[in-house]
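Chemist: no sequence on this one, just coordinates:
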């Protein structure tokens, strides 16, 4: 009787171990299939079945050098485009295409995002509402000393830039020089404040040369009724650098928070 009990226990143990092995193999196979889908060439921009997380990624509709990593690997048809026309700014599901090429300057392979609209930014990682955006027309550059007030949806915001301007190898306070585009700027800070006492530092740069900080968009991207901003702030003329700031991602003391930044070098 004891021998039969031992035999029975041994048989059950083998069966359970076999089931665990099969489940583990199935899960591993599923993971490999998902990994393969994510590794596919995104030239076809296949729609991936995945949960939308509350995180954001951005890309510019331009050319990217492919070196070590592919920055466009994250792009798929779940992304959105923020674009403009004569009547305003809009969000739509992306219909972009990617073209392969060669950068003659660097000799590297390139991939270029092509869109059918006047696209300012491609946004992924979180669900956005399609349609026209509430916005204000305040596109401007912000060199040190620049101060601008934005009235949006019954709220008033103040943007202010500080820093030191270097011209002809001499340092000046902002009020001592006219607003030149081709200046060298040091210790740059751009901040935003509101009437309720909140304040956020948007951009801090040790310096930039032969370029400027420019506001590309001011309006409500995430549909929370509060101001969102998109800034261009390259460190030199051979770089594109754009940041997206959203109010919905700010903490209690902030007005808005930078959710992502894209930087592209095109020097030789």
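Modeler: Looks like it came in fine. Given the structure is predicted, the values throughout are model-derived calculations rather than measurements. Numbers count the residues shown, from 1 in each chain.

Chemist: got a list of what residue 216 touches?
Modeler: Residue 216 makes contact with 120-121, 139, 230-232, 242 under the criterion CB atoms under 8 Å, 6 or more residues apart in numbering. Backbone N, C-alpha and C define where each C-beta goes, glycine included.

Chemist: Is it part of a helix or strand, or is it coil?
Modeler: strand (DSSP: H, G, I helix; E, B strand; the rest coil).

Chemist: Please tell me how far it sits from residue 120.
Modeler: Counting by CB to CB, to the nearest Å, the separation of residue 216 from residue 120 is 6 Å.

Chemist: on that earlier part again, take the contacts of residue 216 and write them to a markdown table, including pLDDT.
Modeler: Formatted as a markdown table, the contacts of residue 216 follow (pLDDT from 0 to 100):
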| residue | pLDDT |
| --- | --- |
| 120 | 97 |
| 121 | 98 |
| 139 | 67 |
| 230 | 98 |
| 231 | 97 |
| 232 | 96 |
| 242 | 97 |
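
Chemist: Buried among those? Make that a PyMOL selection.
Modeler: A single PyMOL command is used to select the members of the contacts of residue 216 judged buried by 16 or more other CB atoms under 10 Å:
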select buried, resi 120+121+230+231+232+242
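
Chemist: quick check, nearest of the contacts of residue 216 to residue 106?
Modeler: Taking CB to CB as the measure, residue 242 is the one of those closest to residue 106, at 21.1 Å.

Chemist: Tell me the bridge partners for that closest one.
Modeler: With DSSP bridges applied, residue 242 shows beta-bridge pairing to residue 232, residue 262.

Chemist: give the contact list for residue 243.
Modeler: 202-203, 230-231, 233, 258, 260-261.

Chemist: That one: what's its closest spatial neighbour, skipping adjacent residues?
Modeler: In space, not counting the residues next to it along the chain, residue 243 is nearest to residue 261; the distance is 4.4 Å by CB to CB, 6 or more residues apart in numbering.

Chemist: give me every residue that touches that neighbour.
Modeler: 58, 241-244.

Chemist: hey, what's in contact with both of residue 216 and residue 120?
Modeler: With CB under 8 Å, 6+ apart as the test, residue 216 and residue 120 both reach residue 230.

Chemist: quick revisit: can you redo the contacts of residue 261 as TSV with distance to residue 153?
Modeler: Shown next, in TSV, are these (distance: CB to CB, whole Å):
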residue	distance to residue 153
58	23
241	28
242	24
243	22
244	19
